[in-house]
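K.L.:
after the sequence you'll find the predicted model.
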Amino acid sequence: MGKVYPEIDGRLREFIAAQPVFFVATAPSGSEGHVNVSPKGMTGTFVILGPHRVAYLDYHGSGAETIAHLRDNGRITLMFCAFDGPPKIVRLHGRGSSVAVTEAAFADRLAEFPAPPDVHAVRAVITVEVERVSDSCGYAVPLMDYRAERDLLVTSHSRRTADDLVTYRATRNAASIDGLPVF
């Protein structure tokens, strides 16, 4: 049986920081629309800002569901799984917001990351005000060996200029798959 914690404490902080991948889940309001789950990773793209606050860097990608859903209703869950060592799953439920690269507050949000990778293709910082912290057993999560990070996301955008990224957001990230506005 899982446990609910009052906050992200020292042991949970260490567990979360040790995971090379986490998952982000959001959904639009109402009974229609698609639930979205996205894997995230890359060292330096996730930070714990306090016992009830976390953030991650959101890079340009094939979709922008998370930002659209957060604009719609703010609901978000982050999930961290142990793929090595003792089994464990940690979920952070909360309210999220995004600050786009085009907004004045973006530089301040970006400064909260002590060692981010190349930030050229970051389109937003997602911040989560954590309302519920819980864990569960993770007994069915397979044991897997971590080999290395992929640099494809960063390198694929490195050849794009800042203007190219503006066009990318306008043409490929303007709306969610359900038609919700993103930027």
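P.N.:
Done, it's in.

K.L.:
in the chain, which spans are strands?
P.N.:
3-5, 21-26, 36-41, 46-50, 53-59, 75-81, 89-100, 122-136 (DSSP state E).

K.L.:
give me the helices and strands touching the third one, please.
P.N.:
What that stands for is strand 36-41. Here strand 36-41 touches strand 21-26, helix 65-72, going by 3 or more CB pairs under 8 Å, 6 or more residues apart in numbering; DSSP states H and E. Bear in mind the C-beta positions are built from the backbone N, C-alpha and C, glycine included.

K.L.:
repeat for the last one
P.N.:
Contact analysis of strand 122-136 by 3+ CB pairs under 8 Å, 6+ apart lists strand 3-5, strand 53-59, helix 65-72, strand 75-81, strand 89-100, helix 106-110 as its packing neighbours.

K.L.:
rewinding a little: tell me which of the helices and strands packed on strand 36-41 sits most buried.
P.N.:
For the helices and strands packed on strand 36-41, the largest average neighbour count (mean count of other CB atoms under 10 Å) is found in helix 65-72, namely a mean of 23.

K.L.:
average pLDDT for it?
P.N.:
For helix 65-72, mean pLDDT is 97.

K.L.:
I'd like to know how many residues surround the closest residue to Ser62 other than its chain neighbours.
P.N.:
In space, and not counting its chain neighbours, Ser62 is closest to Arg172: 7.2 Å by CB to CB, 6 or more residues apart in numbering. If you count neighbours by other CB atoms under 10 Å, Arg172 ends up with 14.

K.L.:
what of Ile16?
P.N.:
There are 18 residues near Ile16, going by other CB under 10 Å.

K.L.:
can I get the CA coordinates of the lowest-mean-pLDDT helix or strand in the chain in PDB?
P.N.:
Lowest on mean pLDDT, DSSP states H and E among the helices and strands of the chain sits helix 152-158, with a mean of 85. The C-alpha trace of helix 152-158 is given here as PDB (Å, rounded to 0.1, in the frame of the first residue of the first chain):
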ATOM      1  CA  LEU A 152      19.100  14.200 -30.200                       C
ATOM      2  CA  LEU A 153      16.600  16.700 -28.800                       C
ATOM      3  CA  VAL A 154      19.300  19.300 -28.200                       C
ATOM      4  CA  THR A 155      21.200  18.600 -31.400                       C
ATOM      5  CA  SER A 156      18.100  18.500 -33.600                       C
ATOM      6  CA  HIS A 157      17.200  22.100 -32.600                       C
ATOM      7  CA  SER A 158      20.800  23.400 -32.600                       C
END
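
K.L.:
buried residues, that helix. List them.
P.N.:
For helix 152-158, the neighbour count (16 or more other CB atoms under 10 Å) marks Leu153, Val154, His157 as buried.
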